[in-house]
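Participant: Turn this into a structure:
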Amino acid sequence: MAAFKLGAHATIPKATKPVVVCILDGWGDNKVKDDFNAIHVAKTPVFDRLYAVEGRARTVLAHGTAVGLPTDDDMGNSEVGHNALGSGQVADQGAKLVDNALNSGAMFESKGFSYIEPAFAAKTLHLIGLLTKGGVHARYDQLVQIMKGAVAKGAKKIRLHLLTDGRDVQDGTSVEYAKELAEDIAGISGADIQVASGGGRMYVTMDRYDADWDIVKRGWDAHVLGEAPNKFRSFGDALTELKKAEGDAASDQFLRPFVIVDEQGAPVGPIQDGDSVCIFNFRADRMVQMSKAFEYPDAEFPFFDRKRLPKVQFVGMMQYDGDLKLPTNYLVDAPSISRVSGEYLCANGVRTFACSETQKFGHVTFFWNGNKSGYINSEMETYYEEPSDKIVFDQKPDMKAKEVTAVAIEAIKSGNFDMIRVNYANPDMVGHTGNLKATVQSCETCDSYLGELLAATEAAGGRWLVTSDHGNADDMAQRKKKTFEPQRDADGEVIPCKSHTLAPVPVCIGGDLPEGLKFKADSEFEKKPGLANVTATFMNLLGFETPAGYEPSLI
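Facilitator: This next block holds a predicted model:
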């Protein structure tokens, strides 16, 4: 532990009262401030007051290369954002690692790929994942490269089990992707490739943090058993018919599960003994549960009745949980982030409390700690998860902000903790529904409870830092690229944006700080600061020097 010992900060005295770090998830500072920027529209007197303090409020980058993604056209997300906030480093992230493995050919020579190859000659390769160009969970071009690489390695039969997006990309793009996919499949000779099953990502397969296992069961039934209430002869037909549904069920996110059947009505791609199965999502959180479904024996799997558990060679694109070693086999090594802030804080006697509701609990723990499950030191850390409601979140925009605030304030008042980190999920989770009115309410709710949290911090004599992990609620409309005017559909209605944005995010500091303490100007940095620069900043507020190898502090 001696390697993690930190010296005192040169000018900021050691904090003797709590330092609170608050993440307003999905709260971007968008340059377009109009009626479709929910943060701009919302009444947020608390945040407005913080952001108006000269020298103690600024923005940092939260997308692209600043958080380890391949290009600056790549939107940030909660996973890479919390990786950066928790580690103080810019680590190559999933999409970039997969690109490198595909472009070099290393993926097709990996142990994981060798593990699934035995099925290629006489059995079926099944590819499960999100059909998207969003680059947050998966990417279309990577799927095509995997199919081509597998065929080059001898795969004769490939079945695709596809989840439609409408969250990281515009709703309705599934139809465009289906047409493009048909053309790309036609261009791959030497194998029988068909879509076999699917559904919307928020209704089928892609649950996270054990929030709703029924979502995973719907995926298991469709992908593995070939059973679903909706049966069609083609992927295109499935999309056309399912999108005629009423309400949310017509959205790409919430399409009902379906299977593709042949002329006799039999499913074209149930998963059988001897087949190989590959999940092609690179992001971890929404594929851990399906990985458990494929790997855990009945005695360790109480979540739903799988009916049958086929004996398959199963791999993930990456290992989604390093501590659980899940899945056992995978194609690309996950980002390995060491020397995260929690290791330093535990080694230096800082007692930490982390809390959020279920939807973001993994972010303030697993992702914050460098993609590692559990405690770094259970004697120095306490984690609290407030269960999220199992609903579409625009139905209850306040989510669990009240409960999370109450728990955090209790931790502040207890005197048992030196650092408290809190995530408010509302702006991101409600923003993803595309419901502008509900998202405005979610921002106002966060602002109100942020006020209570900071008031409690200041009453205790503490210091605080408020930031975000990426943009989302800051733009609720699809935009024209040149004019930034909202795009409208054939009826003249504004097309909602349900995805993250490229906006920078705010960072504000306050509380019992030394007089004259201010943020540095951008001119004092070699490159424009990003989320990783926030880590050294809150460690400075605790009274410590910046750890070696970390991005520079903002102060």
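Participant: Which parts of the stretch 351-500 of the chain are strands?
Facilitator: Assigned by DSSP state E, counting those that start in this stretch, the strands in the stretch 351-500 of the chain fall at 352-357, 381-386, 419-424, 463-467.
Participant: can you put those strands in JSON lines and add distance to residue 270, mean neighbour count and mean pLDDT?
Facilitator: C-beta: built from backbone N, CA, C; applies to glycine. Formatted as JSON lines, the strands of the stretch 351-500 of the chain follow (distance: least, C-beta to C-beta, whole Å; neighbours: other C-beta atoms under 10 Å; pLDDT from 0 to 100):
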{"stretch": "strand 352-357", "distance to residue 270": "36", "mean neighbour count": "25", "mean pLDDT": "98"}
{"stretch": "strand 381-386", "distance to residue 270": "36", "mean neighbour count": "19", "mean pLDDT": "98"}
{"stretch": "strand 419-424", "distance to residue 270": "39", "mean neighbour count": "28", "mean pLDDT": "98"}
{"stretch": "strand 463-467", "distance to residue 270": "47", "mean neighbour count": "24", "mean pLDDT": "98"}
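Participant: among those strands, which is nearest residue 235?
Facilitator: strand 352-357 (35.3 Å; C-beta to C-beta).
Participant: For residue 346, give me its contacts.
Facilitator: Going by C-beta atoms under 8 Å, 6 or more residues apart in numbering, residue 346 touches 4, 352, 376, 377, 380, 381.
Participant: if I read this right, the third one contacts residue 343, doesn't it?
Facilitator: Yes: counting by C-beta atoms under 8 Å, residue 376 does reach residue 343; the two are 5.8 Å apart.
Participant: Lowest-scoring secondary structure element of this protein by mean pLDDT?
Facilitator: helix 94-104 (a mean of 92; mean pLDDT, DSSP states H and E).
Participant: Residue 403: which of the strands of the stretch 351-500 of the chain is closest?
Facilitator: When the strands of the stretch 351-500 of the chain are compared by C-beta to C-beta, strand 381-386 sits nearest residue 403, at 4.8 Å.
Participant: so what secondary structure elements neighbour the closest one?
Facilitator: Packing contacts for strand 381-386, counted by 3 or more C-beta pairs under 8 Å, 6 or more residues apart in numbering; DSSP states H and E, involve strand 352-357, helix 358-362, helix 401-414.
Participant: Parallel or antiparallel, which strands does it pair with?
Facilitator: Paired neighbours of strand 381-386 in the sheet (DSSP bridges): strand 352-357 (parallel).
Participant: quick one: the strand it pairs with to strand 419-424, angle?
Facilitator: If you take axes from the mean of the first three to the mean of the last three C-alpha atoms, to 10 degrees, strand 352-357 sits at 10 degrees to strand 419-424.
Participant: Return the alpha-carbon coordinates of strand 352-357 using PDB.
Facilitator: C-alpha atoms of strand 352-357 as PDB (Å, rounded to 0.1, in the frame of the first residue of the first chain):
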ATOM      1  CA  THR A 352     -15.900   6.700   1.400                       C
ATOM      2  CA  PHE A 353     -19.600   6.500   0.900                       C
ATOM      3  CA  ALA A 354     -21.000   5.900  -2.600                       C
ATOM      4  CA  CYS A 355     -24.700   5.900  -3.500                       C
ATOM      5  CA  SER A 356     -27.200   6.000  -6.300                       C
ATOM      6  CA  GLU A 357     -30.300   4.200  -7.500                       C
END
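Participant: from the middle of its chain, how far away would that strand be?
Facilitator: Mean C-alpha position of strand 352-357 versus that of the full chain (C-alpha atoms, centre = their mean, to the nearest Å) differs by 18 Å.
Participant: Then stretch 246-261?
Facilitator: With C-alpha atoms, centre = their mean, you get 22 Å for stretch 246-261.
Participant: Count the residues that sit near residue 306.
Facilitator: 17 (other C-beta atoms under 10 Å).
Participant: go on, the one 4 residues further on?
Facilitator: By the other C-beta under 10 Å criterion, the neighbourhood of residue 310 contains 17 residues.
Participant: Next, the contact list for it, please.
Facilitator: Residues in contact with residue 310 (C-beta under 8 Å, 6+ apart) are 224, 271, 272, 273, 275.
Participant: Would you mind giving these as JSON lines with neighbour count and secondary structure added?
Facilitator: Compiled in JSON lines, the contacts of residue 310 are given as follows (neighbours: other C-beta atoms under 10 Å; DSSP: H, G, I helix; E, B strand; the rest coil):
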{"residue": "224", "neighbour count": "27", "secondary structure": "helix"}
{"residue": "271", "neighbour count": "25", "secondary structure": "coil"}
{"residue": "272", "neighbour count": "16", "secondary structure": "coil"}
{"residue": "273", "neighbour count": "10", "secondary structure": "coil"}
{"residue": "275", "neighbour count": "22", "secondary structure": "coil"}
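Participant: Among these, which pair sits farthest apart?
Facilitator: 224 and 273 (11.4 Å).
Participant: Okay, now the unreliable bits of this protein?
Facilitator: Flagging of the chain using pLDDT under 70 yields the residue ranges 1, 322-323, 334.
Participant: Please identify the buried residues of the helix or strand that contains residue 184?
Facilitator: Secondary structure assignment for residue 184, by DSSP states H and E: helix 173-186. Applying a neighbour-count criterion of 16 or more other C-beta atoms under 10 Å, one finds 173, 174, 177, 178, 181, 184, 185 buried in helix 173-186.
Participant: And stretch 301-311, by the same measure?
Facilitator: Buried, per 16+ other C-beta under 10 Å, within stretch 301-311: 303, 306, 309, 310.
Participant: Any idea how far apart the tips of that stretch sit?
Facilitator: End-to-end distance of stretch 301-311: 16 Å, with C-alpha to C-alpha, to the nearest Å as the criterion.
Participant: re the thing from before, could you point out the helix or strand that follows the helix holding residue 184?
Facilitator: Next element after helix 173-186 (DSSP H and E): strand 192-200.
Participant: how big is the angle separating the helix or strand just after that following strand from strand 192-200?
Facilitator: Following strand 192-200 in sequence order, the next helix or strand is helix 213-220 (DSSP H and E). Relative orientation of helix 213-220 and strand 192-200, computed by the same axes, to 10 degrees: 160 degrees.
Participant: Show me what helix 213-220 is in contact with.
Facilitator: With contact meaning C-beta under 8 Å, 6+ apart, helix 213-220 is reached by 128, 161, 163, 199, 202-207, 228, 257, 289-290, 293, 303-304, 306.
Participant: buried set for stretch 147-163?
Facilitator: Quick answer for stretch 147-163 (16+ other C-beta under 10 Å): 147-148, 150-151, 155-163.
Participant: residues contacting residue 102?
Facilitator: 142, 145, 146, 149.
Participant: which one of those is nearest residue 97?
Facilitator: residue 142 (11.0 Å).
Participant: For residue 149, see how far away that closest one is.
Facilitator: Residue 142 sits 10 Å away from residue 149, taking C-beta to C-beta, to the nearest Å as the criterion.
Participant: CA atoms of the strand or helix carrying residue 158 as CSV?
Facilitator: Using DSSP H and E, residue 158 maps to strand 157-164. The C-alpha trace of strand 157-164 is given here as CSV (Å, rounded to 0.1, in the frame of the first residue of the first chain):
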residue,chain,number,x,y,z
LYS,A,157,-24.1,-21.0,-41.0
ILE,A,158,-24.6,-17.7,-39.1
ARG,A,159,-27.7,-16.6,-37.3
LEU,A,160,-28.2,-13.0,-36.0
HIS,A,161,-30.2,-12.2,-32.9
LEU,A,162,-30.6,-8.4,-33.1
LEU,A,163,-31.8,-5.8,-30.6
THR,A,164,-33.0,-2.6,-32.1
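Participant: Now list the buried members of the contacts of residue 102.
Facilitator: By 16+ other C-beta under 10 Å, those give 142, 145, 146 as buried.
Participant: Just put the contacts of residue 346 in TSV and tack on distance to residue 518.
Facilitator: Converted to TSV, the contacts of residue 346 look like this (distance: C-beta to C-beta, whole Å):
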residue	distance to residue 518
4	29
352	26
376	32
377	33
380	31
381	31
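Participant: and of these, the nearest to residue 59?
Facilitator: Nearest member of the contacts of residue 346 to residue 59, counting by C-beta to C-beta, is residue 352, at 26.1 Å.
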